[in-house]
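Asks: Structure for this input, please:
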Amino acid sequence: MAAAGYAASEVPEYQGNPLIEALPPIRRDDLEVMQAMSMAPIFSAAERELDAAIRRELVSRLNDLFIPLPPHFQLLERLSTSLRRSYTWRNPMRPQTQAYLHQKVISLSPETLAARAAAGSVHFIKGISGIGKLTGTEACLRALGSCVIEHRLYQEKTLAETQIVWLKVSCPEDRKLKSLCVSILAAAEGALGGEARYTIELLDDPRMTTGNAVTAVMKCLANHHVGILVIDEVQNLFSSKGQVAVELLNFLLRLRDESGICFVVCGTYASLQLLQNTFRIGRRIAAGGVIEFMRPLSGDDPEWVSFCEILWMYQWVREPAEFSREIVLQLFDLTQGIRGLAIPLMMRAQEDAIADGSESVTVTSLLATWRRHFTQLDRPMSALRSNNAVALAEWDDLCDTNVLKVDATFPQFQQSMTNSGNPVSGQTNAAADKEDKSKKNSRGKKGDVANSELGRLLQEGGLAALSAEGMVGVSGLGMGT
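Replies: As a prediction, this is how the structure comes out:
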C-alpha cells in the first residue's frame, strides 16, 4: 500500500480527480516503463563456479524472466487509458459520488448513469497457450504503479479513501459464479492486507446466496475504487452449459455496465468464439478491442532474436556456448516461438548439461533435452510447424489466425483442407481420411473441422464473415489494430 502523491493532469476531464491524479502520468519515458515491466533474474557469472547441485537449483531463477516487447507497450497504453476513463464518473470529491458510495441515494442521476456507461470497457486478450497473455498483462499492471493507494489529504481537504488500482483473479475450478465472486473478494482482501472481511460472511453463512455474493462484489468494487479487474483463463468459465453459463455471462455484463470499471479477460481462441456467440458481450468486446498476442512466424523475427539473445545470457553451465543464429533457429524450431516453452527448455537443457558433466548447451543438446522431457508436445508442435489446417483444427488453443491467414491463395487453402494428409504421422490421404472418419464420433464438435472457425471458411461468405470478425485475412492483425 502506497501513500497517494498527486500530479495535475493535462486532460480537462481528469483534473481535480484524486483517483486519476494519483496514477502514473500519461507521458512517461520509455526506459522508465521498461524498467517497471521487466523482471530480470538474479545472475552472476561467478555463480558458474559453484557446486553442481547449487547451480541446478539456481537455474530455476529463469522462471522470473520477463522481457517486454512492443506489443506489451501497446497493451499498457490501452489499459492506462481505460483505467483513467473508468475513474471519470466516480470522483470522490463530488457529493454525488459520496452519496453513491455510502448508498444515501437509491438511484443515480441520468447524467451519472450515462457517464458510467461510457467509462466502462471490456478488453479481451487472446493467444495460444504459453504465448504470454497473463505474464504480459501482469507486466502492464506492474507498470500502472502500486496496486493499492491510500488517500488521506487532497488539496488541503480530508480524503479517507483506499483505492485498489487493479485486481487479478483466476477462474475457479468448479466454474460457479459464487466461487468467482469469492475469488474476487479474496483478491481484494489480500490487496488490502486482510483489512476487509468480505469472504468470511460468504463462506461461513450457508444462507448466503449467489445474489448476495454478486452484491458484495459490486459493493467492494465501488467502495475501494477498483479500476481494472483481470480474469484469466476465461474459457474455463464457459466449459459449463445451460443456466450456469447464462449466469456467468450476465455477471460479466453487469460488471461492465454497473461498475463502470475496466474489465479484462484473458483466454484462448476458443473462449473468444464462446464469448462472441452472445451478441451483448460480443458487442462490448468489439468496442473495447480484442488484443492478440502473436507468436513469431520465423526464427529470424527480430523480436524473437532479441528474446533468445537475452535468454542465452542466463546460463549457469561452466562452458556456455556463444550465441548464434543456429541457436535461435533451433529454439524456434523446437518451441515454434512460444516463450512459455523456450524458457523451460533452456532450464531443462542446463540441468541436463550440469548433470551429465558436459557443462554446455548447444544446438544438439537442446534437441536431446526436448526428446528427453518434451516429447508429449510433439504433435501440437508438429501441427504449428506444418501450418496445416486439418492438424491445427484438432487443438482448440492452437488456432493461430496469423498462420491461417487467407488471401488470394484461398483456393490452395481449400485444396489443402480436402486433400492434405496427416502432417504429424505422414499418412497418405486415403489413410488420413479413414482415420478421420474413425475419430469423428469420439472427437465430436471440438475437433470437427466443419464446426470450427476453419470449416466456416469453406462455407459461402465464410471468408468475409471471419475477416469482419478479425479472425483471418486482416492485414496487420495484432496488437496495433
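Asks: from here on, contacts and neighbour counts on C-alpha atoms
Replies: Noted.
Asks: can you pull out the helices in the stretch 201-350 of the chain?
Replies: 210-223, 242-259, 269-276, 279-288, 302-313, 325-335, 339-356 (DSSP state H, counting those that start in this stretch).
Asks: Quickly, which of the ones you listed bottoms out on average pLDDT?
Replies: Set side by side, these give their lowest mean pLDDT on helix 279-288, at a mean of 53.
Asks: on that earlier part again, okay, the helices of the stretch 201-350 of the chain in JSON lines with distance to Leu153 next?
Replies: JSON lines is the format used below for the helices of the stretch 201-350 of the chain (distance: least, CA to CA, whole Å):
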{"stretch": "helix 210-223", "distance to Leu153": "18"}
{"stretch": "helix 242-259", "distance to Leu153": "25"}
{"stretch": "helix 269-276", "distance to Leu153": "43"}
{"stretch": "helix 279-288", "distance to Leu153": "34"}
{"stretch": "helix 302-313", "distance to Leu153": "44"}
{"stretch": "helix 325-335", "distance to Leu153": "52"}
{"stretch": "helix 339-356", "distance to Leu153": "44"}
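Asks: Can you pull the domain assignment for the chain?
Replies: For the chain, the domain assignment from automatic domain parsing gives the residue ranges 2-292, 302-373, 380-468.
Asks: OK, contacts around Ala2?
Replies: Contacts for Ala2 were tallied using CA atoms under 8 Å, 6 or more residues apart in numbering; they are Ser146, Val148, Ile149, Glu150.
Asks: Confirm for me that Pro172 is in contact with Ser179.
Replies: Yes. Between Pro172 and Ser179 a contact is recorded at 6.2 Å, counting by CA atoms under 8 Å.
Asks: Number of residues surrounding the residue nearest to Tyr198 when sequence neighbours are not counted?
Replies: Among residues not flanking Tyr198 along the chain, Leu185 sits closest, at 6.1 Å (CA to CA, 6 or more residues apart in numbering). Applying the criterion other CA atoms under 10 Å, we find 26 residues in the vicinity of Leu185.
Asks: Got the confidence number for Leu185?
Replies: pLDDT, Leu185: 91.
Asks: ok, now Ala45?
Replies: Turning to Ala45, the model gives it a pLDDT of 94.
Asks: Mind putting the helices of the stretch 201-350 of the chain into JSON lines with distance to Met39 and mean neighbour count?
Replies: As requested, these are arranged in JSON lines below (distance: least, CA to CA, whole Å; neighbours: other CA atoms under 10 Å):
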{"stretch": "helix 210-223", "distance to Met39": "29", "mean neighbour count": "18"}
{"stretch": "helix 242-259", "distance to Met39": "31", "mean neighbour count": "16"}
{"stretch": "helix 269-276", "distance to Met39": "27", "mean neighbour count": "19"}
{"stretch": "helix 279-288", "distance to Met39": "28", "mean neighbour count": "16"}
{"stretch": "helix 302-313", "distance to Met39": "12", "mean neighbour count": "17"}
{"stretch": "helix 325-335", "distance to Met39": "21", "mean neighbour count": "20"}
{"stretch": "helix 339-356", "distance to Met39": "14", "mean neighbour count": "20"}
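Asks: For Asp30, which of those is the nearest?
Replies: When the helices of the stretch 201-350 of the chain are compared for distance to Asp30 using CA to CA, the nearest one is helix 302-313, at 17.0 Å.
Asks: relative to helix 339-356, how tilted is that closest one?
Replies: In this structure, helix 302-313 runs at an angle of 30 degrees to helix 339-356, with axes from the mean of the first three to the mean of the last three CA atoms, to 10 degrees as the basis.
Asks: Who are the packing partners of helix 302-313?
Replies: Of the remaining helices and strands, those touching helix 302-313 by 3 or more CA pairs under 8 Å, 6 or more residues apart in numbering; DSSP states H and E are helix 325-335.
Asks: Tell me which residues are up against stretch 206-220.
Replies: Counting by CA under 8 Å, 6+ apart, the neighbours of stretch 206-220 from elsewhere in the structure are 177-178, 181-182, 184-185, 188, 198, 201-202, 251, 255, 259.
Asks: Among those, which are located in strands?
Replies: Secondary structure assignment (DSSP state E) places none of the contacts of stretch 206-220 within strands.
Asks: Let me have those residues in a markdown table, adding distance to Phe73 as columns.
Replies: Listed next are the contacts of stretch 206-220 as a markdown table, based on distance: CA to CA, whole Å:
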| residue | distance to Phe73 |
| --- | --- |
| Leu177 | 33 |
| Lys178 | 34 |
| Cys181 | 30 |
| Val182 | 32 |
| Ile184 | 27 |
| Leu185 | 29 |
| Ala188 | 26 |
| Tyr198 | 35 |
| Glu201 | 40 |
| Leu202 | 39 |
| Phe251 | 30 |
| Leu255 | 26 |
| Ser259 | 26 |
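Asks: of all those, which comes closest to Pro344?
Replies: Within the contacts of stretch 206-220, the smallest distance to Pro344 is 30.3 Å, found for Ile184 (CA to CA).
Asks: how close does the residue lying closest to Ala222 once chain neighbours are set aside sit to Cys220?
Replies: Excluding its sequence neighbours, the residue lying closest to Ala222 (CA to CA, 6+ apart) is Leu101, at 6.4 Å. Taking CA to CA, to the nearest Å as the measure, Leu101 and Cys220 are separated by 10 Å.
Asks: cool, Gln98 as well?
Replies: Here the distance between Gln98 and Cys220 works out to 15 Å (CA to CA).
Asks: swap in Leu229?
Replies: In this structure, Leu229 and Cys220 are 12 Å apart, going by CA to CA.
Asks: how about the strands of the chain, start to end?
Replies: Along the chain, the segments classed as strands by DSSP E run 2-3, 121-126, 148-154, 157-164, 166-170, 228-232, 262-267, 290-292.
Asks: Adding distance to Thr215 and mean pLDDT, write these out as JSON lines.
Replies: Putting the strands of the chain into JSON lines (distance: least, CA to CA, whole Å; pLDDT from 0 to 100) gives the following:
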{"stretch": "strand 2-3", "distance to Thr215": "28", "mean pLDDT": "90"}
{"stretch": "strand 121-126", "distance to Thr215": "20", "mean pLDDT": "82"}
{"stretch": "strand 148-154", "distance to Thr215": "22", "mean pLDDT": "95"}
{"stretch": "strand 157-164", "distance to Thr215": "18", "mean pLDDT": "92"}
{"stretch": "strand 166-170", "distance to Thr215": "17", "mean pLDDT": "92"}
{"stretch": "strand 228-232", "distance to Thr215": "16", "mean pLDDT": "90"}
{"stretch": "strand 262-267", "distance to Thr215": "17", "mean pLDDT": "83"}
{"stretch": "strand 290-292", "distance to Thr215": "28", "mean pLDDT": "75"}
